[in-house]
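>>> Let me see the structure of the following:
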Amino acid sequence: MIPLSDVALRPELSQAASDVVASGWWSMGPKVAEFEAAFADALAARHALAVANGTAALHLALLALDYGPGDEVVLPSLTFVAAANTIRRVGATPVFCDIVGDGDLNLDPDDLRQAVTPATRAILVFHYGGFPCDMASVLDVAETTEVRVIEDSAHAPGSLWNGQSCGTIGDIGCFSFFANKNLPIGEGGMVVTGDEELADRLRLLRSHGMTTLTWDRERGHASTYDVVVPGLNYRLDEIRAAIGLVQLGFLAEENAARARLARLYRDALHGVDGYTMAFADRLGDEASAHHLAVALVPDAASRDEIRSRLAERRVQTSVHYPPIHQFSAYRNGRPSRALPQTEDAAARAITLPLFAGMTEDQVDLVVDALLDQ
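Next up is the predicted model:
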């Protein structure tokens, strides 16, 4: 079977985890701090805070910016539902915008401008598949309308826009380290910001609003604590932080391997038998983390049948993503904006296997199975 994604089982990973277990300190402590510092250094970010998962990162970003009822956040519908769910959970309203088209699955700046209203407080961009959005246009809209920019960079650790790391361009950047991501540790995430005040607030919200941490008290740096805001427990543990430090050291190498494989997909599939590859002109570009390789079938009606035939050939595929505005939880209430490009591309998209350890022969097998229909 050719899986959709896979991880390299390096001995350094088990050794790092074993060392933490042997230390006797498993909750947030020195390894988390080391991971945060290394991640911040890798991205040239001022502040990086490790959190329990990518959804926690998004939730904390919205809480830190103090959004709630009456506030709107504009985001693409072609993203994972966690983004909209966290907006709803703080009491704000998600407003969906369209994508550019099947060649660029990121948000459309022109439609973004149409989606912004006087109630808009933020734009939540998503760097789909690790391909940076048109951030120049996003920042222009944000400046013109005086709204904040949150970057969902779950797919984009190591991605660059104009030489700047994705996640560091807006006000707050959110990362995911889920098991299928480019920097996998099982669960976990990171919030980055260049704003000192936001970093302080994020740090409090991450750990119950407490002024000191358990690790501080363990070392004798504090004997008690105050609670200054109603926070949550969104902390990362030491074991996953240790794994994250190892994985961070291989990130650039693995992203480069993904880029080479994505280029093979493009050369073999783009424009063949009616298939196109999303971001075809950027596949292989080292500025992208290449989290996903997405092919668009010629006819939406055949997409599910094609996936079934691939499964019969033991090729695992997925769909990234069913549009959020079409889910039951988001169909009711406020009328949806027209999102024709999103609906067309989402109905024809197939996510193909892509992981750093994939071989060229495996790419050939996937291509043969896709074209032999």
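>>> pLDDT below threshold where in the stretch 251-373 of the chain?
Scanning the stretch 251-373 of the chain for pLDDT under 70 picks out the ranges 333-335.
>>> at 50 what do you get?
Low-confidence segments of the stretch 251-373 of the chain (pLDDT under 50): none present.
>>> what ranges do the helices span in it?
Taking DSSP state H, counting those that start in this stretch, the helices of the stretch 251-373 of the chain run over residues 303-312, 328-331, 340-348, 360-371.
>>> domain ranges for this protein?
Domain ranges of the chain: 11-248, 251-371, per automatic domain parsing.
>>> Give me the average confidence score over the longest one.
This points to domain 11-248. Mean per-residue pLDDT for domain 11-248: 96.
>>> Quick one: end-to-end distance for it.
In domain 11-248, first residue to last residue: 15 Å (Cα to Cα, to the nearest Å).
>>> For the residue nearest to the spatial centre of the chain, which non-adjacent residue is spatially closest?
Nearest to the mean C-alpha position of the chain, by Cα atoms, centre = their mean, lies A154 at 1.4 Å. If the residues on either side of it in the chain are set aside, A154 comes closest to S176, at 3.8 Å by Cβ to Cβ, 6 or more residues apart in numbering. (Glycine included, C-beta is placed from N, CA and C.)
>>> The one you found contacts G54, doesn't it?
Yes: between S176 and G54 there is a contact under Cβ atoms under 8 Å: 2.7 Å.
>>> list the residues that contact both of the two?
Common neighbours of S176 and G54, counting by Cβ atoms under 8 Å, 6 or more residues apart in numbering, are A154, G189.
>>> List the strands paired with the strand ranked longest in the chain, with their directions.
Secondary structure of the chain read by DSSP state E shows that its longest strand is strand 120-126. Strand 120-126 sits in its sheet next to strand 72-76 (parallel), strand 148-152 (parallel), going by DSSP bridges.
>>> Need the contact partners of it.
Taking Cβ under 8 Å, 6+ apart as the rule, strand 120-126 contacts 58, 62, 65, 67, 71-76, 78-79, 83, 87, 92, 95, 106-107, 112, 116, 133, 135, 138, 141-142, 145, 147-152, 154-155, 170.
>>> among the residues you listed, which are in strands?
Those of the contacts of strand 120-126 mapping onto strands are 72-76, 95, 106-107, 148-152, per DSSP E.
>>> Pick out the most distant pair among those residues.
Within the ones in strands among the contacts of strand 120-126, two members stand farthest from each other by Cβ to Cβ: E72 and N106, at 20.0 Å.
>>> neighbour-wise, which of those two wins?
Neighbours per residue (other Cβ atoms under 10 Å) separate E72 from N106, with N106 holding more: 24 against 20.
>>> isn't that one right next to F131, touching?
Yes: using Cβ under 8 Å, N106 is in contact with F131, at 6.5 Å.
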